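Student: Sequence plus predicted model, see below.
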Amino acid sequence: MNNLTKTLVFSATGVSALLATSCASEKKEAPKQYNIVYIMTDDHTAQMMSCYDNRFVETPNLDRIAKDGVKFTNSFVANSLSGPSRACMLTGKHSHTNGFTDNTHCKFDGSQQTMPKLLQKAGYETALIGKWHLESTPTGFSYWEIIPGQGDYYNPDFIKMNNERVQEKGYLTNIITDKSIDWMENKRDKNKPFCILIHHKACHRNWLPETKYLSLYEDKTFALPDNFYDDYEGRKAAQTQEMEIGKHMDIIYDTKMYNKNVNSRLKKQFEKFVGRMNEEERKAYDAVYDPIIADFYKKNPQGKDLVEFKYQRYMRDYAKVLKSLDDNVGRVLDYLEEKGLMDNTLVVYTSDQGFYMGEHGWFDKRFMYEESMHTPLVMHLPKDFKARGEISEMVQNIDYAPTFVDLAGAEIPADIQGVSLLPLLKGEKPATWRKSLYYHFHEYPAEHSVKRHYGVRTERYKLIHFYNDIDEWELYDLQEDPKEMHNLFGQKGYEKITEELKAELVKLQKQYNDPAIKETLK
Ligand code: SGN
Ligand code: CA
């Protein structure tokens, strides 16, 4: 006897029971499966995205995503570094849980549960194109093509699924987009929903622009952030970092003031990168940079003039690289529109972390301070999702995996530490949404010399503990001091909030099972 006959025979109210049964069986139908286009850049920070901050550049295509969709205003990473961020995104777990804690010693364990594998199980075609940075061979993708390590902007190598290494002609941001569109158009099984991860190298160091944008922004003078000349008073870990534009940015590699007679630590690396250009590209490059170099060595700026010269070079080159990126995100959106895919596709744009654009005098990331813990996050939503505009709940990159699995209609495994963002995308305001975030940066000793630290961020406060070869606590009131210049830890009047935040930190370290809890309880 099937369910329907059962209902008819045993029900006292036959008609209503029949209706109820048919509704129930409709509900059981396979959920609608939406496509996922996940675009992640490298080191792209919200200060350089006009829908977040329009002081510096215009990013019309990135803004397009936010305009018809949603913009997260409190979006954070769990560990502000490339490999770890990628591993958090793939697993939905914090670094100490997924095992990829830093770029220097780790190799991602590709045998573990990941979001692309869960999507495959739910019937998805999955692809990954571009930066991978996790050392092991990608798993869980029906198609992948990656750049080795950090890759090259010009005429870059790609590693294919058969492990062949092939050099492609052109500029990396364009090539990654070409390959991604080609996969969506020609390579995937069009009977299945798909998820493609488009991972750009842009805007990673050393910011080599595409030839057509070499001159862009050359007439623009970027305003200095007001804490550019920070003296790091009261913040011991900030005093020993090596990521200052003035002291640590390489005059040849970063600011591109190449001169045969001048040596610098990263000169060889610069020669290698620029050496990838063909004759025509090199000619175009020299035509723009040669006069700037000549003028620089003629004027020979010193002190503040030199530091501010470096800042302008940095901002201009970063902005040029970003321009190509913005164009290419536009190409992906155009493609999805042309093919009528927008109604059925979630498009996510984010970065592997934020970055300093001169705040505290810095470039790079790593610190739990706002500029680098924060990461841009905008989404175009499938038609059925009603949220629009700003979403201010605190979200983290460990939330992406459960969100995508949830969107695919699959069960979110209990060991995933992030939470699905779908309620927020449906326009709901869950009263039980998290009130605090956990952060843990592990890579030390290492380049840029940022001490190991972990901490908790609530809507208003941030408590950080630097540990290992240092034992320093920092407390910030983000409402009164959004630039995090005044460490309030140990100051009179802050005992109660410190205690509350410490308790919250312990709670999170227990919840996530981070062995670093012993550093807190010491
Ligand atoms: C490279 C860069 C660093 C950067 C790391 C990590 N140096 O090592 O400045 O912090 O990558 O960046 S470079 O001389 O090679 O440019 S990450 O985004 O990949 O984590
Ligand atoms: Ca990065």
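Tutor: Ah, there it is. Ligands and ions are numbered 1, 2, ... in the order given.
Student: How about the residues of the stretch 1-150 of the chain by ligand 2?
Tutor: The stretch 1-150 of the chain comes close to ligand 2 at residues 42-43, 82, as judged by CB under 5 Å from the ion. (Glycine included, C-beta is placed from N, CA and C.)
Student: can you narrow those to ones near ligand 1?
Tutor: If you filter those for contact with ligand 1, counting by CB under 6 Å from any ligand atom, you are left with 42-43, 82.
Student: Contacts only, for whichever residue of the stretch 51-200 of the chain sits closest to ligand 1.
Tutor: Proximity of the stretch 51-200 of the chain to ligand 1 (CB to the nearest ligand atom) peaks at residue 82, 3.0 Å away. Contact partners of residue 82, counting by CB atoms under 8 Å, 6 or more residues apart in numbering, are 42, 103, 131, 133, 204, 352-353.
Student: Counting neighbours, which of these end up buried?
Tutor: The neighbour count (16 or more other CB atoms under 10 Å) marks 42, 103, 131, 133, 204, 352-353 as buried among those.
Student: how about the residues you listed in TSV, adding pLDDT?
Tutor: Converted to TSV, the buried ones among the contacts of residue 82 look like this (pLDDT from 0 to 100):
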residue	pLDDT
42	98
103	97
131	98
133	97
204	98
352	98
353	98
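Student: Mark which of those residues are part of strands, please.
Tutor: Those of the buried ones among the contacts of residue 82 mapping onto strands are residue 131, per DSSP state E.
Student: Point out where the chain drops to low pLDDT.
Tutor: 1-31 (pLDDT under 70).
Student: Kindly report the residues of it close to ligand 2.
Tutor: So far as CB under 5 Å from the ion goes, the chain lies against ligand 2 at 42-43, 82, 352.
Student: go with 8 Å
Tutor: 42-43, 81-82, 85, 204, 351-353, 355, 365 (CB under 8 Å from the ion).
Student: all helices of the stretch 251-400 of the chain, in order?
Tutor: Using DSSP state H, counting those that start in this stretch, the helices found in the stretch 251-400 of the chain span residues 267-274, 279-299, 303-338, 370-373, 400-407.
Student: can you put these in TSV and add mean neighbour count?
Tutor: TSV is the format used below for the helices of the stretch 251-400 of the chain (neighbours: other CB atoms under 10 Å):
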stretch	mean neighbour count
helix 267-274	16
helix 279-299	13
helix 303-338	20
helix 370-373	23
helix 400-407	24
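Student: Please name the nearest non-neighbouring residue to residue 258.
Tutor: residue 252 (5.4 Å; CB to CB, 6 or more residues apart in numbering).
Student: thinking the one you found is in contact with residue 270, fair?
Tutor: Yes - using CB atoms under 8 Å, residue 252 is in contact with residue 270, at 5.1 Å.
Student: So for these two, which residues contact both of them?
Tutor: What both residue 252 and residue 270 touch, as defined by CB under 8 Å, 6+ apart, is the set 258, 264.
Student: Stretch 429-446 and ligand 1, are they touching?
Tutor: No - Stretch 429-446 stays clear of ligand 1 (CB under 6 Å from any ligand atom), getting no nearer than 8.4 Å.
Student: I'd like to know how many residues surround the nearest residue to residue 37 once chain neighbours are set aside.
Tutor: Using CB to CB, 6+ apart and skipping residues adjacent in sequence, the residue nearest residue 37 is residue 347, 4.7 Å away. Neighbour count for residue 347, taken as other CB atoms under 10 Å: 25.
Student: The closest residue to ligand 2 within the stretch 1-150 of the chain and residue 246, how far apart?
Tutor: Relative to ligand 2, the nearest point of the stretch 1-150 of the chain is residue 82 (3.8 Å; CB to the ion). Spatial separation of residue 82 from residue 246 under the definition CB to CB, to the nearest Å is 24 Å.
Student: give the contact list for the residue nearest to residue 218 when sequence neighbours are not counted.
Tutor: Closest residue in space to residue 218, ignoring its immediate chain neighbours: residue 316 at 6.4 Å, by CB to CB, 6+ apart. Counting by CB under 8 Å, 6+ apart, residue 316 touches 217-218, 220, 222.
Student: Most neighbours out of the residues you listed, which is it?
Tutor: Result: residue 217 is most packed of the contacts of residue 316 (other CB under 10 Å), 21 neighbours.
Student: Contact partners for it?
Tutor: Counted by CB under 8 Å, 6+ apart, residue 217 has contacts 57, 315-316, 319-320.
Student: circling back to that earlier point, how about JSON lines for the ones next to ligand 1 among the residues of the stretch 1-150 of the chain next to ligand 2, with distance to residue 361 added?
Tutor: Below are those laid out as JSON lines (distance: CB to CB, whole Å):
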{"residue": "42", "distance to residue 361": "22"}
{"residue": "43", "distance to residue 361": "17"}
{"residue": "82", "distance to residue 361": "22"}
